[in-house]
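Participant: Pasting a predicted model and its sequence here:
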Amino acid sequence: MNIKIQRSLAVVSAAALVFGVASASTAQAAKHKAKVVYIAYQGPLSGGEASTGIDEQNAVKYAVKLFNARSENKKKFNVKVVSVDDQGDPAVASTVAPGIGANKNVLGVVGPAYSGATIASLPYYKAGGLVLISPSATRVSLTDPTSPDFGGPVFHRVVGKDDLQGPALAKYATQGVSSAKVFVFDDQSAYAVPLRGYVEAGLKKVAGASVVGGDSVPNTTTDFSPTIAKIKTSGATVVIYTGYYSQAAVFIKQLRDSGSTAIFAGGDGVFNQEFPKLAGAAAEGSRITGVGGLAGISKKLEADFKKQMGVSSGVYSVESFDAANILLEGIKKGNTTRAKMLKFVKSYKGKSVSGNKIVFDKNGDISYGLFAGFTSKGGVLVNTGIVK
C-alpha cells in the first residue's frame, strides 16, 4: 500500500472544521437541496501506525459513498467524512479532539482507533455529547463504569475487548507446543500493558504452559538486544508481544538474527498486513490474534470495495464499515443532532456485514466479541479460524 498516496486524501483538520466548514456546508446544502452532515473518523493517518488508520478510514469512506449514492438518500442528505489524524498517540489525540468535540456539525465519530488515544480524547467528546463507535479500541477499562477511563455515555465499540483477547492469544500462541515456556512483553502503552496481564492470566489455564520471563520496553525502542538476551536466558519457546505492528516488525527481525527459533505471537496491535511486509521472511510462522477485518467481507462486496476505493479492504474494515453504517442509519432516520444520534446509537439493533447481531449493552460493549487466529505465510496474514 502506498501510504503517501493514501495520505493525499483530503484531511480536514479540527481547526479548519471549526472555523471554515460550517459556512461552506450551508451554501452547498442550498445548492444541492440536500442537508450536508458530517461524521468523523479518528485514528492514525500518519506515522508508524498509519496503515491501520488508512484501512479503517477507507471502510468509513466506502460506507458513506454507498449511502450518498442511494436514490432515497440523495435528495435528503450529503454526508461528508472529516479525517482526524491522532497518529495513534494520546499526546496528539489531546490536541485534535478539542476542536472536533466543540464543533456541533460533527454528529458522530468512528473511532478513536487506539485505546490510549481514546482515553485522551474522551473528556472533550463527553463534554460535547459526541457519540463514538470504535472499530478497534479493546482496552477493558473503556467500558468499565468503575474505572476512570470509562467512556460512558458516549463511547461504544464494535470489537471484543482484551479480557477475551488475552486468553485467546495465550491459547493460539501455545497451540501444539508441548510444555510451552512463554516470555511476554509489552510496549508500555495503554493498550499493551493490560493486554499483557490478560495474556499471562490466560496462560495459567493452558495445560503445561508456564511464564518464564517478561519485559516492558518503550514503544520507541529500536534496539531490542536487552530483551532478546532475557528471552535466551529464560529458555522461552514462545514469545508474545502485546504492542503494535511497526515495533513488532523491528523486534522479530532482531530476534531471528539472534538465532532464536521461538514462536512469535502478537495481539491485534500486530494484526496488520504491514507486519509481514515490514518484517519480511522473519515474520513467517508468526501467530497473531485479530478480528473480522481481513476475512469478514464477502467476495462480491470486496470486489466492489476495490472498484470504488482503488485498494483492497484491510484490517478492521468490517468493524469500521459497521460503525459507519450505524451512524448513517441514524442520519437516514433524521437524527441530525448529537443528542438524538447518541440516543439512537445506544438503542441500536441491527446486523453486521458479517451477519452478527449488533446490540450495545449499557456500557457500550458489543453483543459479540470473537477473536480469530492469523499466521504469516508467504508474506501475508492468513486466517486460521476462530480461537476457541
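Facilitator: Nice, thanks for sending it over.

Participant: For the stretch 101-250 of the chain, which segments are assigned as strands?
Facilitator: 106-110, 131-134, 155-157, 181-186, 210-216, 238-241 (DSSP state E, counting those that start in this stretch).

Participant: Quick check: neighbours of the shortest one in the sheet, parallel or antiparallel?
Facilitator: To tie it back to what came earlier, the one meant is strand 155-157. strand 131-134 (parallel) (DSSP bridges).

Participant: CA atoms only for the strand it pairs with, dumped as PDB, please.
Facilitator: Extracted in PDB, the C-alpha atoms of strand 131-134 (Å, rounded to 0.1, in the frame of the first residue of the first chain):
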ATOM      1  CA  VAL A 131     -21.100   9.700  20.300                       C
ATOM      2  CA  LEU A 132     -18.100   7.400  19.500                       C
ATOM      3  CA  ILE A 133     -18.100   4.000  17.900                       C
ATOM      4  CA  SER A 134     -14.600   2.500  17.900                       C
END
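
Participant: Out of the strands of the stretch 101-250 of the chain, flag the one nearest residue 195.
Facilitator: strand 181-186 (7.3 Å; Cβ to Cβ). C-beta coordinates here come from the backbone N, C-alpha and C atoms, glycine included.

Participant: for the stretch 1-150 of the chain, which spans come out with low pLDDT?
Facilitator: 1-32 (pLDDT under 70).

Participant: Which parts of the stretch 201-350 of the chain are helices?
Facilitator: Remark: helices assigned in the stretch 201-350 of the chain by DSSP state H, counting those that start in this stretch are 225-234, 245-257, 274-279, 299-309, 317-332, 338-346.

Participant: so can I have TSV of those helices showing distance to residue 152 and mean neighbour count?
Facilitator: Below are the helices of the stretch 201-350 of the chain laid out as TSV (distance: least, Cβ to Cβ, whole Å; neighbours: other Cβ atoms under 10 Å):
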stretch	distance to residue 152	mean neighbour count
helix 225-234	37	16
helix 245-257	30	21
helix 274-279	33	22
helix 299-309	33	13
helix 317-332	17	25
helix 338-346	10	18
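
Participant: Worst mean pLDDT among those?
Facilitator: For the helices of the stretch 201-350 of the chain, mean pLDDT drops lowest on helix 299-309, to a mean of 92.

Participant: can you list contacts of it?
Facilitator: Applying Cβ atoms under 8 Å, 6 or more residues apart in numbering, the contact partners of helix 299-309 are 58, 59, 61, 62, 65, 66, 297, 312, 313, 317, 353.

Participant: Could you point out the member of those that lies closest to residue 118?
Facilitator: For the contacts of helix 299-309, the nearest to residue 118 is residue 59 (18.3 Å; Cβ to Cβ).

Participant: Which residue, other than its chain neighbours, is closest to that closest one?
Facilitator: residue 320 (3.7 Å; Cβ to Cβ, 6 or more residues apart in numbering).

Participant: residues touching the one you found, list them.
Facilitator: Contacts of residue 320 (Cβ under 8 Å, 6+ apart): 41, 55, 56, 57, 59, 60, 63, 110, 135.

Participant: If we only consider these, which is nearest to residue 358?
Facilitator: When those are compared against residue 358 (criterion: Cβ to Cβ), the nearest one is residue 135, at 12.2 Å.

Participant: give me the number of residues near that closest one?
Facilitator: Neighbours of residue 135 under the rule other Cβ atoms under 10 Å: 31.

Participant: element containing the closest residue in space to residue 317 that isn't next to it in sequence?
Facilitator: Leaving aside its chain neighbours, residue 317 sits nearest to residue 59 (4.3 Å; criterion: Cβ to Cβ, 6+ apart). Using DSSP states H and E, residue 59 maps to helix 50-69.

Participant: buried sites along the helix or strand just after that helix?
Facilitator: Next along the chain after helix 50-69, taking DSSP H and E as the criterion, comes helix 71-74. Using 16 or more other Cβ atoms under 10 Å as the burial criterion, the residues of helix 71-74 that qualify are residue 73.
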